[in-house]
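> sequence-free structure coming up:
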DNA sequence: TTGAAAGCGCTAACAT
DNA sequence: ATGTTAGCGCTTTCAA
């Protein structure tokens, strides 16, 4: 691979490597005629520049890292589409790293970025992450980071989020309007800001309707499926059995549906269920699932746009700035009578 | 970023850069005591090797490319998980490229790989791809490629697939056993081998039951949602209206369900539907969806394992070898009376 | 307009 | 056991 080098072109044309390099970059120092000759030969020999050689010189890799908890979540995979659409446009390459919701993995990944492998990072932190030293450390070493969705408040950089508090509020208010009096918030984390905000929003709706006494916050483990089922079953057979559930993450929905079926609980009659989700099967679930759908693609796009801008123009500095794109509540059968 | 270099360590310790390099690689040429000193300082100064410098020397990037049509498809996102699990283990990095089912994009992406940016490629070709010159070209330049699922027969390399013919056959036989007499195969491509094989399998089942006359092959455009809906509606209101549908790709399912609902067709009573899919919401659809589920994670794992082996040991040459992992038919309500 | 030379950071052959 | 040197492929002064 990559055998045709500038050196070869130079020898072939009786020019210096410097001249070739300049010609290839359309430098004004080089005459039109030589440029033509160089371009022609480059094309003929199928010259392709070695990206690592020029990375080494430039200290720029034209590569960004995308660090995510879970690529099978529809929100994240759509966000990747958004990121990729910009990367392609700006001629950037995308390294994908998955944390699988583990803080430990995240740390290892982030440390590696101090190597200069990437010019910037787009990330959504894991549900476990509580210590931000490592993130802060690589960020403070001049590595641009843009957070999206699961942001890290403590880092003074750009953040792309949705209106989580409001979404939690509207979702819960909707449940209450549909007659729910005992709301449970199925959470994926005790630490994530988005989860906290969604929960706070939910709680506000409960408070406004004086049903905060029965509000429950139940944390499930995103990566222990059977265990989750048990926990849901416990919940739904306990004294505190809710009549309305807000799932913080789409992954919980199948278990909730299945346990309800097993227990003979009808959705939405006995219990109403709603989830944050971007799944396009939501509409054909049984019953169709009311969702809060985030603008995943747009968020990815925004994150990539800002990140790449900050990489390309050093005058553009990532401010501690939060861009909020609104989510949409799609009301479907799982919450309506 | 990446400011601490071997040179700095060398100066600091009064050693040559060569000695540092060897010490860091635990060479037997270096005394234990200096190794200790070097390691200690490296740790203290937080030395992190520049990957591009060593890539340049070694002509090895420890990076693989994953080229996919669509990251939001549950099959592909699970496959990424499998690939990533091996990449992490073997200390490889993963560059993600999406073709969005466009041959043109695929070609551009593949050409770039001649630059030496990656040591190998894992790919699943687009539904449009009919010309393999470009793939062949980069493959013949000594770039290892492993195909999975949507393979390219013409290239003499390793391929990880599932038993597509058999799956198509079993799926269709199942439909016929459930009483279907007019089967339609909703296809995503006219060229993909997997699609052809699935269809052939389906046809075989029809032939065995003498209902091949009514067998239909309808191709939908993966990226034109409304258009697909129309086409499905046409199909379901035509003379040739099937009583059994095999979806080649999960993306078609929502439209099929929705159109059926719109037309007042009951699944499974009036029409039975089945799809190739890895969605874990299949079980809670209305009705729950019968699926052929491919071992996506394992396929990704297998592809990455083989690719990386061929990168690491030059003695291991990718043979034109096909590894077939079996899919599973999960029978659910969408096909049973 | 072109070339010579140095160097990005790391490594490997060949001294010492 | 350690150092010297050259070079991976490309870019960028600076000199011609």
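The structure has been received and is ready for your questions. This structure is a prediction, so every number in the text was calculated from the model and none was measured. Numbers count the residues shown, from 1 in each chain, chains lettered A, B, ... in the order given.
> and stretch A:226-242, how far out from the chain middle?
The chain centre lies 29 Å from the centre of stretch A:226-242; the measure is C-alpha atoms, centre = their mean, to the nearest Å.
> could you measure from residue A:29 over to DNA strand D?
According to C-beta to the nearest atom of the strand, to the nearest Å, residue A:29 and DNA strand D sit 7 Å apart. (Each C-beta comes from the backbone N, C-alpha and C, glycine too.)
> my error: substitute residue A:287 in the last question.
Counting by C-beta to the nearest atom of the strand, the gap from residue A:287 to DNA strand D is 58 Å.
> may I have the secondary structure class of that residue?
Three-state assignment for residue A:287 (DSSP: H, G, I helix; E, B strand; the rest coil): coil.
> the nearest residue to it once chain neighbours are set aside: neighbour count?
Spatially, and ignoring its direct neighbours in sequence, residue A:287 is nearest to residue A:333 (3.7 Å; C-beta to C-beta, 6 or more residues apart in numbering or on different chains). Neighbour count of residue A:333, defined by other C-beta atoms under 10 Å in any protein chain shown: 17.
> is residue A:262 in contact with residue A:233, as I believe?
Yes. Using C-beta atoms under 8 Å, residue A:262 makes contact with residue A:233 at a distance of 7.4 Å.
> how about the residues of chain A near DNA strand C?
Proximity of chain A to DNA strand C (C-beta under 7 Å from any atom of the strand) is limited to residues A:14-19, A:22, A:28-31, A:33-34, A:53, A:56-57, A:59.
> ChimeraX command to pick out the buried ones of those?
Here is the ChimeraX command that picks out the buried ones among the residues of chain A next to DNA strand C, judged by 16 or more other C-beta atoms under 10 Å in any protein chain shown:
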select /A:15,19,22,30,53,56
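> still on that earlier bit, between residue A:262 and residue A:233, which is the more surrounded one?
residue A:233 (16 against 12).
> just to be sure, the more buried one is in a helix?
Yes. Judged by three-state DSSP, residue A:233 forms part of a helix.
> what distance do you get for it to residue A:223?
Plainly put, residue A:233 is 18 Å away from residue A:223 if you go by C-beta to C-beta, to the nearest Å.
> same deal with residue A:238?
With distances taken as C-beta to C-beta, residue A:238 is found 24 Å from residue A:223.
> of these two, who's got more company?
Ranked by neighbour count (other C-beta under 10 Å), residue A:238 and residue A:223 place residue A:223 first, with 15 against 10.
> wait, the more buried one touches residue A:100, no?
Yes. Using C-beta under 8 Å, residue A:223 makes contact with residue A:100 at a distance of 6.8 Å.
> remind me which residues of the stretch 201-337 of chain A are low pLDDT?
A:224 (pLDDT under 70).
> in it, what residue is nearest DNA strand C?
Residue nearest to DNA strand C within the stretch 201-337 of chain A (C-beta to the nearest atom of the strand): residue A:314, separated by 17.2 Å.
> helix or strand: which one has that residue?
Taking DSSP states H and E as the definition, one finds residue A:314 inside no helix or strand.
> ok, how many other residues are close to it?
Neighbour count of residue A:314, defined by other C-beta under 10 Å: 7.
> give me the distance between residue A:194 and residue A:206.
19 Å.
> what's around the residue of the stretch 51-200 of chain A found nearest chain B, how many residues?
Taking C-beta to the nearest C-beta, chain B has its nearest neighbour within the stretch 51-200 of chain A at residue A:116, 3.6 Å off. By other C-beta under 10 Å, 23 other residues sit near residue A:116.
> cool, and the one 5 residues further on?
Residue A:121 sits with 25 neighbouring residues when counted by other C-beta under 10 Å.
> tell me the contacts of it?
Residue A:121 sits next to A:64, A:65, A:66, A:67, A:110, A:113, A:138, A:143, A:144, A:145, A:146, A:307 when contact means C-beta atoms under 8 Å, 6 or more residues apart in numbering or on different chains.
> helices of the stretch 101-250 of chain A, residue ranges please.
Secondary structure of the stretch 101-250 of chain A (DSSP state H, counting those that start in this stretch): helices located at A:103-112, A:133-140, A:164-177, A:193-208, A:225-237.
> I'd like the ones you listed as JSON lines, with distance to residue B:323 appended.
Shown next, in JSON lines, are these (distance: least, C-beta to C-beta, whole Å):
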{"stretch": "helix A:103-112", "distance to residue B:323": "28"}
{"stretch": "helix A:133-140", "distance to residue B:323": "39"}
{"stretch": "helix A:164-177", "distance to residue B:323": "44"}
{"stretch": "helix A:193-208", "distance to residue B:323": "41"}
{"stretch": "helix A:225-237", "distance to residue B:323": "28"}
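> now these in a markdown table, with distance to DNA strand D?
Listed next are those as a markdown table, based on distance: least, C-beta to the nearest atom of the strand, whole Å:
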| stretch | distance to DNA strand D |
| --- | --- |
| helix A:103-112 | 21 |
| helix A:133-140 | 24 |
| helix A:164-177 | 43 |
| helix A:193-208 | 40 |
| helix A:225-237 | 48 |
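> of all these, which lies closest to residue A:218?
With respect to residue A:218, and counting by C-beta to C-beta, the nearest of the helices of the stretch 101-250 of chain A is helix A:225-237 at 6.0 Å.
> and that closest one, is it in reach of chain B?
No. Judged by C-beta under 8 Å from any C-beta of the partner chain, helix A:225-237 makes no contact with chain B; its nearest approach is 9.2 Å.
> give me every residue in the stretch 151-300 of chain A lying close to chain B.
Contact residues, the stretch 151-300 of chain A versus chain B (C-beta under 8 Å from any C-beta): A:253-254, A:257-258, A:279-281, A:283-288.
> how about residue A:198: what's its closest non-neighbour residue?
residue A:168 (3.6 Å).
> would you check how far apart that neighbour and residue A:189 are?
14 Å.
> higher neighbour count, these two?
Using other C-beta under 10 Å, the more surrounded residue of residue A:168 and residue A:189 is residue A:168, with 27 against 23.
> for that one, what are its contacts?
A:185, A:197, A:198, A:199, A:200, A:201, A:202, A:204, A:205, A:246.
> correct me if wrong: the fifth one contacts residue A:167.
No. Counting by C-beta under 8 Å, residue A:167 is not a contact partner of residue A:200; they are 11.0 Å apart.
> please say which of these two ends up with more neighbours.
Relative neighbour count places residue A:167 above the other of residue A:200 and residue A:167, with 24 against 14, counting by other C-beta under 10 Å.
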